[in-house]
Each structure stands twice: as C-alpha cells, then as structure tokens.
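Peer 1: fold the following for me, if possible:
(one chain, ligands or ions: 1)
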Amino acid sequence: MRAPTFRRPFSACLPGPAPSTIACCVALVLALSPPSLLAASPSGCDDLGAFPETPGLVFERDIQPLLDNCLGCHGGQGGLSLAPDEAYKALVGVVSNTRPELLRVDPGKPGQSVLFRAINCNTPAGPSFRMPGLSGPTDQALIRDWIEQGAGDFILRDRFEPP
Ligand code: HEC
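Peer 2: Have a look, this model is predicted:
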C-alpha cells in the first residue's frame, strides 16, 4: 500500500517532452475533477443575452402553451409527461432521469435546470439532443425567465396573494 497505484501514471509528468506533459496534465485534471464535472457540460447552447427578461411569467398561461408543442413525444405515453394537467408536477423540483444530479426545473436556476438546457443547447448534457418543438429563441428566453423568476404557477402565486 506504500505506492498507491493511481499515482503511477502521473510519474511520467515530471520529466519528458511537452506532449507527455500536456497529456498528463489533462489526465490529472480529469482524475481530480468531481464526478459532476466529469460528466459532459452542455454545449452548442444559444446565447440569449439579447432577449430581455419578460416579467411576471406564470406556468399555465405562459409556459404550458409552449410545452403543448412537445406532446408528440411527451404526451403521457411513459417517461416525462408535458400534458397540461401533468407537466408542472413532472417538472418543478423533480429529479431528472437523464441527469439525476440535477432537477428538471430548479426554481431560480435556469442554468442548472435540465428543461432549460434541453431546449437551449444542441448537446444538453442530459437528454442526448436538443428538444424540438419550440419556435425559437423567444420561446427559449420565456422558459429561462420563468425558471429564473421561481417557476411559479397560478397556485403558487395565489399562495402568496390572499384572495
Ligand atoms: C421527437 C420526440 C421528442 C420531442 C418532440 C420532444 N422530446 Fe423531450 N425527450 C425525448 C426523448 C427521447 C428524451 C429522452 C432523451 C434521452 O434519453 O437522450 C427526452 C427528454 C426530455 C427531457 C429530459 C427529461 C429528464 O428527466 O432528464 C426534457 C426536459 C425534455 N425532453 C423536454 C422536452 C420539451 C420541453 C420538448 C418540446 C419543446 C420536448 N422535450 C420535445 C423526445 C422528444
């Protein structure tokens, strides 16, 4: 046990020509990364910086109509259902199937929400492809803003606004 085997590959790091130094640095970074960093990060994501925030978004009125475009594959036939009476419960605060360390919608954190990545990135690092159905970045920005604003629905809003 005196010479742990995991150290051996890196003994090549010290002397040697540049290529092996670079290779071993990459290996070191990978070896030292926590598992969440080892799993792929989303890539090919759209920059929505040009789309200003739309205030006051509510799930039933503003977001469900967008998700209606997804029902061909998420209509309740198993897996994630985005049907009107099921989507909110299936999304908000629910652990992702494809990326179990994240939530499908993590209120306040679009960048950490698998739903937002799934519609905003070509390689979402969760689902293996960008989810088709939205009309473009305007829709994507609405989903971003709704999550950012706390992923509210009428029920949640009513809870804070006495009748
Ligand atoms: C062509 C069929 C299809 C359409 C249309 C589609 N999806 Fe998907 N979706 C899938 C499949 C298949 C998976 C599982 C992906 C995988 O395992 O890589 C998935 C996974 C997901 C996930 C990840 C679920 C999890 O728990 O990790 C989300 C979120 C999602 N879809 C949202 C949407 C949204 C929002 C739309 C509409 C804009 C949509 N999808 C449209 C087929 C589709």
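Peer 1: from here on, just use CA atoms for contacts and neighbour counts.
Peer 2: Will do.
Peer 1: which non-adjacent residue is nearest the spatially most central residue of the chain?
Peer 2: The centre of the chain sits closest to residue 114, judged by CA atoms, centre = their mean, with a distance of 2.7 Å. Excluding its sequence neighbours, the residue lying closest to residue 114 (CA to CA, 6 or more residues apart in numbering) is residue 104, at 4.6 Å.
Peer 1: I'd like to know how far the one you found sits from the ligand.
Peer 2: 6 Å (CA to the nearest ligand atom, to the nearest Å).
Peer 1: quick one, phi psi at that residue?
Peer 2: Residue 104 adopts backbone torsions of phi -60, psi -50, taken as degrees, to the nearest 10.
Peer 1: cross-check the contact I'm expecting between it and residue 88.
Peer 2: No. If you go by CA atoms under 8 Å, residue 104 and residue 88 don't touch, sitting 10.4 Å apart.
Peer 1: okay, the two: which has more neighbours?
Peer 2: residue 104 (27 against 21; other CA atoms under 10 Å).
Peer 1: let me see the contact set for that one.
Peer 2: By CA atoms under 8 Å, 6 or more residues apart in numbering, the contact set of residue 104 is 91-96, 113-115.
Peer 1: check those against the ligand, which are close?
Peer 2: Among the contacts of residue 104, proximity to the ligand is found for 96, 114-115 (CA under 6 Å from any ligand atom).
Peer 1: pretty sure residue 84 contacts residue 66?
Peer 2: No. When contacts are counted by CA under 8 Å, residue 84 is not listed as touching residue 66 (10.6 Å).
Peer 1: give the contact list for residue 114.
Peer 2: Residue 114 sits in contact with 96, 99, 102-105, 124, 126, where contact means CA under 8 Å, 6+ apart.
Peer 1: do residue 113 as well
Peer 2: Residue 113 touches 102-106, counting by CA under 8 Å, 6+ apart.
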